[in-house]
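Asker: Let's see this in three dimensions:
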Amino acid sequence: MLTEHTSRQFDAELEAVRLRVLQMGGLVEEQTANAIDSLINRRMDLADMVISRELQVNAMEVEIDAACSRIIVRRQPTAVDLRMLMTVIKTISDLERIGDEAKKISEMAKLIYQAERLYKPRFNEIKLMSGIALDMLRTSLDGFARLDPSVALQVPRQDVHVDETYRLCMRHLITYMMEDPRTISTSIEVLFAAKAIERIGDHAKNMSEYVVYMVKGKDIRHTSFEQIEGEVA
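Answerer: Residues are numbered from 1 along each chain as shown. Below you'll find the model as predicted:
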């Protein structure tokens, strides 16, 4: 009976940590969407909110990390339970960095719109990139919630599109700067925002790979699509 009671407690602790990760993921997803909205639609109220709530994201990472450390010390988990905790620790690190990138996007939005400049940037590539990156983040979190390793087949392929769009955006911005030096300041700030979105895609890709490690016990980082398909199948 004591062993059964201890096992139930352990399961409850693991589930509580998993739910906190999903809560943190929801907050980070909201932060990212608001940051992009602030940039594209000149929503300075959203930019200010993203910047102010970034500390909340940091606090959640610290809290969840501490909870994982306590469980590891007290319960000495093995096999799938240990993999789950290791996945949580890695995932919250990437989520915190996504939160940092969202803050950076908001800061760039404030710089772009608070200055009275002649050049008004276009956000065609930014809109495309951000839509894909947000979908990657949602898919990775969904894969974590459902213990579904197939997300590692979808998300890395989306990351390729984000990278291609980022390079296209960078070429266009360089052209603007070469043709009209008055566009340099704003173009650089747009480029920083685009790079932040590209990095969000990278972190979402990392998170999808951690799901495979958690479920299958396989480390698929730095592997080809063909190798990933073999591990996930």
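
Asker: Just to check, residue 143 is in contact with residue 213?
Answerer: No: under the criterion of C-beta atoms under 8 Å, residue 143 makes no contact with residue 213, lying 11.8 Å away. All C-beta atoms are positioned from the backbone trio N, CA, C, and that covers glycine.

Asker: More neighbours: those two, which one.
Answerer: Taking neighbours as other C-beta atoms under 10 Å, residue 143 and residue 213 compare with residue 143 leading, 23 against 20.

Asker: and that one, what is it in contact with?
Answerer: 149, 150, 151, 152, 155, 208, 211 (C-beta atoms under 8 Å, 6 or more residues apart in numbering).

Asker: Nearest to residue 170 among the residues you listed?
Answerer: Minimum distance to residue 170 across these is 22.4 Å, recorded for residue 155 (C-beta to C-beta).

Asker: Ignoring the adjacent residues along the chain, who's closest to the closest one?
Answerer: Computed as C-beta to C-beta, 6 or more residues apart in numbering, the closest residue to residue 155 that is not its neighbour in sequence is residue 208, at 3.8 Å.

Asker: packing partners for the host helix or strand of that neighbour?
Answerer: Here residue 208 is covered by helix 184-216, with elements defined by DSSP states H and E. Applying 3 or more C-beta pairs under 8 Å, 6 or more residues apart in numbering; DSSP states H and E, one finds that helix 184-216 makes contact with helix 2-41, helix 79-114, helix 124-146, helix 151-179, helix 225-232.

Asker: Dump these to JSON lines, plus mean pLDDT.
Answerer: Formatted as JSON lines, the helices and strands packed on helix 184-216 follow (pLDDT from 0 to 100):
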{"stretch": "helix 2-41", "mean pLDDT": "90"}
{"stretch": "helix 79-114", "mean pLDDT": "95"}
{"stretch": "helix 124-146", "mean pLDDT": "96"}
{"stretch": "helix 151-179", "mean pLDDT": "93"}
{"stretch": "helix 225-232", "mean pLDDT": "70"}
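
Asker: wait, what's in contact with the residue nearest to residue 155?
Answerer: 136, 139, 140, 143, 151, 152, 154, 155, 156.

Asker: re earlier: return the set of buried residues in the helix holding residue 208.
Answerer: By neighbour count on 16 or more other C-beta atoms under 10 Å, the buried set for helix 184-216 is 186-187, 189-191, 193-215.

Asker: How much space separates the closest residue to residue 136 other than its chain neighbours from residue 126?
Answerer: Closest residue to residue 136 apart from its sequence neighbours, by C-beta to C-beta, 6+ apart: residue 204 at 3.8 Å. Noted for residue 204: a distance of 17 Å to residue 126, by C-beta to C-beta, to the nearest Å.

Asker: for residue 57, same thing?
Answerer: In terms of C-beta to C-beta, residue 57 sits 22 Å off from residue 126.

Asker: what do you get for residue 94?
Answerer: Residue 94 is 22 Å from residue 126, where distance means C-beta to C-beta.

Asker: Then residue 173?
Answerer: From residue 173 to residue 126 the distance is 10 Å (C-beta to C-beta).

Asker: Now list whatever residues contact both of those two.
Answerer: Common neighbours of residue 173 and residue 126 (criterion: C-beta under 8 Å, 6+ apart): 190, 194.
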